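Asker: this is a predicted model, with the sequence first.
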Amino acid sequence: MTFEYDVVVVGGCGHVGLPLGLAFADRDLSVALFDTDASTVADVAAGMMPFEEPGATEILRRVRGSRLIATTDRSVVARAEHVVIVVGTPLGEHLDPDWTAVSSTVIELADQLHNGQLLILRSTVYPGTTALVERKVSELGLQLGIAFCPERIAEGHAIEEIFDLPQIVAAREEGTFQRAQDLFHVLTSKTVRLSPEEAELAKLFTNTWRYIKFATANQLFMMANDFGLNYERIRAGLSLDYPRAADLPGAGFAAGPCLLKDTMQLAAFNNNNFLVGQAAIMVNEGLPLYVVSKLEQHFPIRDMTVGLLGMAFKAESEDMRSSLSYKLKRLLGFKAHVVLCHDPYVRGDPELVELDVLLAESQLLIVGAPHHMYRDLRPTVPLIDIWGFHEQGRAP
């Protein structure tokens with residue numbers, strides 16, 4: 001059968017799907033990005049990235065209209081040889097894993113799927129989701145190759161990492177594995193073969209391990225700070241030319257759409273028996289409360305205007321999903337007189353103010369996200385920086 005597109009990415013204009021589609025198109029494959037967000041699709045079709053990602057704009061302008069299209073027309077799914085599912089997998093309303101997100105997407109697109117296509121699950125999923133999709137596809141009477149190939153990129157490094165990092169490829173059937181591996185060999189020569197269940201856990205283990213490391217750093221930061229000591233000076237000293245401590249992170253708000261969620265998914269998978277992961281949640285989610293508690297000890301914050309610098313969940317990103325800066329804002333909204341917020345990247349938050357307004361009116365500043373533009377600020381009021389990136393910053 002002749003296909004119009006080599007690849008269609010379902011959820012193709014998001015933080016995971018768009019870099020992947022751009023990478024395939026940049027390697028001369030024909031790519032369709034299918035997304036239900038009409039505004040974002042229009043931006044991509046016009047050659048505008050809907051979010052910050054170094055190197056992506058150049059590729060988009062080079063490939064759009066020739067090797068890549070963005071569309072809300074679901075019929076493109078039927079016209080592609082490889083169908084890559086990249087949809088969000090948030091926790092449910094009761095903070096439990098929603099294992100139906102991916103399978104529901106497959107069922108919704110069933111009228112566009114047909115025998116002989118290769119279906120690749122790219123989303124981070126609850127263990128057993130690949131098997132669930134296999135059952136649903138079988139019940140639909142479709143004969144599809146089904147592979148699980150989890151994304152492994154970090155926002156802000158997506159383009160380079162897609163080409164540099166090994167790709168995990170998991171499939172039960174040898175022929176399906178070979179097809180999936182051949183597709184990802186377009187991007188990199190390095191692939192890792194696992195079973196679908198191994199690959200599902202590998203992805204969750206990866207994010208959970210990062211989350212636990214950040215929690216360790218944050219706990220050590222609080223310990224040092226409570227004794228009036230500088231965590232960053234200690235970290236710099238113990239890690240200098242000492243490889244066994246080189247991976248000790250700095251302190252900071254560990255958040256975003258994946259790390260907490262995937263730690264909770266892993267706990268649920270193990271019958272809520274994950275003491276280390278659950279302790280990490282308490283530490284990381286408790287850091288904003290720790291900051292506010294310390295501020296109350298040192299400043300009359302109920303009478304002060306407090307300025308938050310950076311509302312995204314990480315530096316040089318516009319992504320505010322699950323950002324602990326917003327949790328800090330809510331806490332300060334209850335404790336402080338006025339809270340002002342600024343972020344050079346975040347879009348769609350009407351409560352953000354201009355930086356010059358925030359600096360002029362704030363009596364106390366807190367670095368929420370360590371965007372590079374804040375490094376050169378020389379404020380005349382106290383600056384609280386738990387990240388340790390600003391020379392004038394100090395822990396609360």
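Answerer: Here it is on my side, so go on. Residues are numbered from 1 along each chain as shown.
Asker: only C-alpha atoms from now on, for both contacts and neighbour counts.
Answerer: Noted.
Asker: just give me the neighbour total for residue 27.
Answerer: 12 (other CA atoms under 10 Å).
Asker: spit out the contact partners of it.
Answerer: Residues in contact with residue 27, defined by CA atoms under 8 Å, 6 or more residues apart in numbering, are 186, 187.
Asker: look at residue 235 and tell me its secondary structure.
Answerer: Secondary structure assignment for residue 235 (DSSP: H, G, I helix; E, B strand; the rest coil): helix.
Asker: how about it, what does it touch?
Answerer: Counted by CA under 8 Å, 6+ apart, residue 235 has contacts 248, 250.
Asker: and the pLDDT at it?
Answerer: Confidence at residue 235, expressed as pLDDT, is 96.
Asker: residue 264 now?
Answerer: pLDDT, read off for residue 264, is 95.
Asker: host element of it?
Answerer: Here residue 264, judged by DSSP states H and E, is contained in helix 259-269.
Asker: hang on, residue 306 in a strand?
Answerer: Yes: assessed by three-state DSSP, residue 306 belongs to a strand.
Asker: assess the claim that it and residue 335 are in contact.
Answerer: No: using CA atoms under 8 Å, residue 306 makes no contact with residue 335, being 10.2 Å away.
Asker: compare the two and say which is more crowded by neighbours.
Answerer: residue 306 (25 against 19).
Asker: roughly how far apart are that one and residue 354?
Answerer: 14 Å (CA to CA, to the nearest Å).
Asker: what about residue 9, which SS state?
Answerer: On the basis of three-state DSSP, residue 9 is classed as strand.
Asker: which ones are touching residue 55?
Answerer: Residue 55 neighbours (CA under 8 Å, 6+ apart): residue 159.
Asker: CA atoms only for the helix holding residue 264, dumped as PDB, please.
Answerer: Taking C-alpha atoms only, helix 259-269 is exported to PDB below (Å, rounded to 0.1, in the frame of the first residue of the first chain):
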ATOM      1  CA  LEU A 259       8.200  14.000  37.700                       C
ATOM      2  CA  LEU A 260       5.600  14.100  40.400                       C
ATOM      3  CA  LYS A 261       3.000  12.400  38.200                       C
ATOM      4  CA  ASP A 262       5.300   9.500  37.300                       C
ATOM      5  CA  THR A 263       6.400   9.000  40.900                       C
ATOM      6  CA  MET A 264       2.800   8.700  41.900                       C
ATOM      7  CA  GLN A 265       2.100   6.300  39.000                       C
ATOM      8  CA  LEU A 266       4.900   4.100  40.100                       C
ATOM      9  CA  ALA A 267       3.600   4.100  43.700                       C
ATOM     10  CA  ALA A 268       0.100   3.200  42.500                       C
ATOM     11  CA  PHE A 269       1.600   0.400  40.400                       C
END
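Asker: which helices and strands does it pack with?
Answerer: helix 196-226, helix 275-298 (3 or more CA pairs under 8 Å, 6 or more residues apart in numbering; DSSP states H and E).
Asker: relative to helix 275-298, how tilted is that helix?
Answerer: 140 degrees (axes from the mean of the first three to the mean of the last three CA atoms, to 10 degrees).
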